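Participant: could you look at this predicted model? Sequence included:
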Amino acid sequence: MLMRFDAVSRAFAGPQGPVQALDGVSFEVEPGAFVAICGPSGCGKSTLLLVGGALLRPTAGRVTVAGCEVYAAAASERRRLRASTLGFVFQQFHLVPYLTVLENILAPSLALSVPGVSARAEALLERFGLGDRRDHLPGQLSTGEKQRAALARALLNEPKVLLADEPTGNLDPANSAVVLEALAAFARSGGAVLMVTHNQDAARRADRVLQMQRGRLV
Amino acid sequence: MSAPISLWCLIRREGRFRLGNALLGAVAVALAVAVWAACLVVMRGHDARTARALEALHQALADETAVLADGMRRATLKLQFNLVILPAGQDLRAWHTDSEIRGTLPETHVEHLARAEIVTIQHLLPIVQRRLFWEEQGRRIILVGTRGEVAQLHSAPKKPLVQPVSPGGIVLGHELHRSLGLKPGQRVVLMGREFTVQRCHEQRGSQDDITAWIDLAAAQELLGMRGQVHAILALECLCAGLPEVEAFRADIRRFLPDTDIIELGSKAFSRADARLSLAAEAKASAARAVAARRDLRQARQRLAGVLVPLAFLGGLVAVGALAASNARARTAEMALLRALGVPSWKLLAVLLARYGLLAVPAALAGCVAGSAAGALLAAGLDPVALPGAVPFLTAREAAGAAAAALAATVLAAWLPALSAARRDPAAVLSSE
């Protein structure tokens, strides 16, 4: 078991009282699993991903990643966990605009420099068809290239779990297929993928689909 | 093979990305430092110019004082020949304009005065004096007959102030002996009597230059004034002030009631008074100049006291605002990097470095520009020329300014940068 959510709840303060984004969510993700979380907007999918990504402390429950109880650990330990064990892919890519494609892919090495990181970055460039774009800035890339660069960045430190928030939300079908194939390949290599999407086609690429509604798994 | 990205690389790339923002911050720092440097240089220029002006003023005052002191000394020396005793009713206008004395005094007055025990009188000199035409030489001259000084009977003999003319001798003023080509030892005829040139005076620039001096008895005989004199010079050796001269004058009148007493020294006193007034005015003028420079310095210091804190505060606010603007623009990247596990201190360093790295060169540029502007301003404001080196900032001061600018810049950018670096990445990423 790589990731475990145990009765996780998260509430936010709203104008008309607390809003329960997550309400007693429990599930586990095994190595090699490609899990899609589907549901309507506002059902808590992204919140679940942030909580699982050691970025948002739940108001109740426990989250365990690779044997580490995330929110019982110190902040520095959570930071190390994000750098070494978790990889993130966002719908908006979040590439650093003043770094080249290669430098963006290498950005996680600012947090955790592991041996062979440069070679892996070069390999990822080639793998995602960005070899001729290595010195380009994100502003010079197409949308698909941006997402591929973001995916390469997420894979640089060889994470155990990949968290993807609507990774195909801004992509055309061809680029979506590339990204989804990359996620599936990561799962096949022994990692776990937790993908939030409301795209049913994307969800069909996962081997397990969790439906959420009003903060709960249904 | 590519190298892993370093913090320094991130700093450089981030700094160049919004270069305008960073440069504006540098300009704000440079301006603040330039204002400080300019004020400092203006004040130093003022001080240097003041020192130079005062030095020149004091030198001029010292020179003037020396001249006045010399004049005073000369005037005081003349006060020693300060009284002439004339027959009563003398036409002073004639005496002043023509050196003519109409009446006469008995020569015995000299002995009376010598016995009078007036202690301030050191020397007495009876004279006859007449402006006449020297027929043998075809010249108008002033003929003075003198017998030398009459000894004071109540006191020890003094060394004579005036060398007497020996009988048969003649002493000639400069103009006379020069134009007539006469030299000591030569013989000349005056009013039918032969004299031997005893001395020839140097030029004095006065009536002395056209005066001929002979023995008193000979003069009395030539002028038909046997036993009579025109005047008695009372030569006072002591340096007397005006009140003492009045007392002295009263003493003489008591013994010689039929005389008028003219104080030769009154002109000297006037000159002395004028010189004293000039000296006092020069000192007052110097004091006014010092006070004016001091007032000007205080006014400039007050202005600098307002300008420098304003510039410093303006620089702080500008850098703070620019840092806040940049931090807002960098929010998503900072959140992403934090999500990737990059520690917040590295992000803080990135956000601060863009201003901190430029602060030092900006401060140094500000020092140079401010010093130059200050020097120009000081030269424009001040009419006093400063020939030496312009008092720019020292290297130590420039280094201090750079260090202070760095610290102030980091301080100004600290809060916005810290806020951005520590902002909850979940909140940012979920809102994007």
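Facilitator: Received the coordinates, thanks.
Participant: which helices and strands sit right next to the longest helix seen in chain B?
Facilitator: Taking DSSP state H as the criterion, chain B has its longest helix at helix B:265-329. Packed against helix B:265-329, as judged by 3 or more CB pairs under 8 Å, 6 or more residues apart in numbering or on different chains; DSSP states H and E, are the following elements: helix B:19-79, helix B:344-381, helix B:395-421. From N, CA and C alone the C-beta is placed, and that goes for glycine too.
Participant: give me the below-cutoff pLDDT ranges for chain A.
Facilitator: For chain A, applying pLDDT under 70 flags no range at all.
Participant: what parts of it come near chain B?
Facilitator: Neighbours of chain B within chain A, by CB under 8 Å from any CB of the partner chain: A:46-47, A:50, A:53, A:55-56, A:79-84, A:88, A:90, A:92, A:94, A:96-99, A:102-103, A:106-113, A:117-119, A:121-122, A:134, A:153.
Participant: just the buried ones from the residues you listed?
Facilitator: Buried members of the residues of chain A next to chain B, counted by 16 or more other CB atoms under 10 Å in any protein chain shown: A:46-47, A:50, A:53, A:55-56, A:79-84, A:88, A:90, A:92, A:94, A:96-99, A:102-103, A:106-112, A:117-118, A:121-122, A:134, A:153.
Participant: ok so, going back, okay, angle between the longest helix of chain B and helix B:395-421 too, please.
Facilitator: Angle of helix B:265-329 versus helix B:395-421, following axes from the mean of the first three to the mean of the last three CA atoms, to 10 degrees, is 30 degrees.
Participant: nearest residue to the middle of the chain?
Facilitator: Just going to use chain A. Nearest to the mean C-alpha position of chain A, counting by CA atoms, centre = their mean, stands residue A:163 at 1.9 Å.
Participant: hm, I was asking about chain B
Facilitator: Centroid-nearest residue in chain B, with CA atoms, centre = their mean: residue B:57, separated by 2.0 Å.
Participant: measure the closest residue to that one other than its chain neighbours to residue B:61 for me?
Facilitator: Leaving aside its sequence neighbours, residue B:57 sits nearest to residue B:286 (CB to CB, 6 or more residues apart in numbering or on different chains; 5.0 Å). Using CB to CB, to the nearest Å, residue B:286 is found at 5 Å from residue B:61.
Participant: what does residue A:178 give?
Facilitator: Distance from residue A:178 to residue B:61, by CB to CB: 94 Å.
Participant: and the host helix or strand of residue B:333, is it in reach of chain A?
Facilitator: Residue B:333 is part of helix B:331-339, with elements assigned from DSSP states H and E. Yes. Under the criterion of CB under 8 Å from any CB, chain A is reached by helix B:331-339 at B:332, B:333, B:335, B:336, B:337, B:338, B:339.
Participant: in chain A, which helix has the most residues?
Facilitator: When chain A is parsed with DSSP H, its longest helix is helix A:173-188.
Participant: show me what contacts residue A:71?
Facilitator: Contacts for residue A:71 (CB atoms under 8 Å, 6 or more residues apart in numbering or on different chains) come out as A:54, A:57, A:58, A:62, A:63, A:78.
Participant: no wait, residue B:349
Facilitator: Neighbour list for residue B:349: B:7, B:11 [criterion: CB under 8 Å, 6+ apart].
Participant: the longest helix of chain B to helix B:19-79, inter-axis angle?
Facilitator: Going by the same axes, to 10 degrees, helix B:265-329 makes 170 degrees with helix B:19-79.
Participant: so residue A:20 touches residue A:8, yeah?
Facilitator: No. Using CB atoms under 8 Å, residue A:20 is not in contact with residue A:8; the gap is 11.5 Å.
Participant: which of these two has more neighbours?
Facilitator: Ranked by neighbour count (other CB atoms under 10 Å in any protein chain shown), residue A:20 and residue A:8 place residue A:8 first, with 24 against 16.
Participant: so how many other residues sit close to residue B:284?
Facilitator: Burial of residue B:284 is recorded as 10 neighbouring residues (other CB under 10 Å).
Participant: what separation do you get for residue B:43 and residue B:301?
Facilitator: Noted for residue B:43: a distance of 7 Å to residue B:301, by CB to CB.
Participant: more neighbours, these two?
Facilitator: Using other CB under 10 Å as the criterion, residue B:43 and residue B:301 rank with residue B:43 on top: 17 against 13.
Participant: tell me which element the closest residue to residue B:182 other than its chain neighbours falls in.
Facilitator: Distances taken as CB to CB, 6+ apart place residue B:197 nearest to residue B:182, at 5.3 Å, with adjacent residues excluded. Assessed by DSSP H and E, residue B:197 sits inside strand B:193-200.
Participant: mind checking the SS state of the residue of chain B found nearest chain A?
Facilitator: Relative to chain A, the nearest point of chain B is residue B:341 (2.8 Å; CB to the nearest CB). Under the three-state scheme (DSSP: H, G, I helix; E, B strand; the rest coil), residue B:341 adopts coil.
Participant: and for residue B:126?
Facilitator: For residue B:126, the assignment made with three-state DSSP gives strand.
Participant: again, but for the one 5 residues further on
Facilitator: In terms of secondary structure, residue B:131 is strand; the call rests on three-state DSSP.
Participant: dump the residue contacts of it.
Facilitator: By CB under 8 Å, 6+ apart, the neighbours of residue B:131 are B:98, B:99, B:100, B:140, B:141, B:142, B:143.
Participant: 6 Å instead, please
Facilitator: Residue B:131 makes contact with B:98, B:99, B:100, B:142, according to CB atoms under 6 Å, 6 or more residues apart in numbering or on different chains.
Participant: identify the bridge partners of it.
Facilitator: Going by DSSP bridges, residue B:131 is paired in beta bridges with residue B:142.
Participant: and it, how close does it get to residue A:4?
Facilitator: Per CB to CB, residue B:131 is found 140 Å from residue A:4.
Participant: how many other residues sit next to residue 116?
Facilitator: Unless you meant another one, I'm taking chain A. If you count neighbours by other CB under 10 Å, residue A:116 ends up with 10.
Participant: that's the wrong chain, I meant chain B
Facilitator: Close neighbours of residue B:116, defined as other CB under 10 Å, add up to 18.
Participant: quickly find the element holding residue A:88.
Facilitator: Applying DSSP H and E as the criterion places residue A:88 in strand A:86-89.
Participant: contacts for that strand, please.
Facilitator: With CB under 6 Å, 6+ apart as the criterion, strand A:86-89 contacts A:53, A:150, A:151, A:154, A:159, A:161, A:162, A:163, A:164, A:167, B:339.
Participant: need these in CSV (columns: distance to residue B:373 and secondary structure).
Facilitator: As requested, the contacts of strand A:86-89 are exported to CSV (distance: CB to CB, whole Å; DSSP: H, G, I helix; E, B strand; the rest coil):
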residue, distance to residue B:373, secondary structure
A:53, 55, coil
A:150, 51, helix
A:151, 56, helix
A:154, 54, helix
A:159, 58, coil
A:161, 61, strand
A:162, 60, strand
A:163, 58, strand
A:164, 59, strand
A:167, 58, coil
B:339, 49, helix
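Participant: top of those by neighbour count?
Facilitator: residue A:164 (30 neighbours).
Participant: next one: the spatially closest residue to residue B:227 that is not a sequence neighbour from residue B:126, what distance?
Facilitator: Of all residues not flanking residue B:227 in the chain, residue B:107 sits nearest, at 5.4 Å (CB to CB, 6+ apart). Distance, residue B:107 to residue B:126, by CB to CB: 6 Å.
Participant: okay, the two: which has more neighbours?
Facilitator: residue B:126 (27 against 20).
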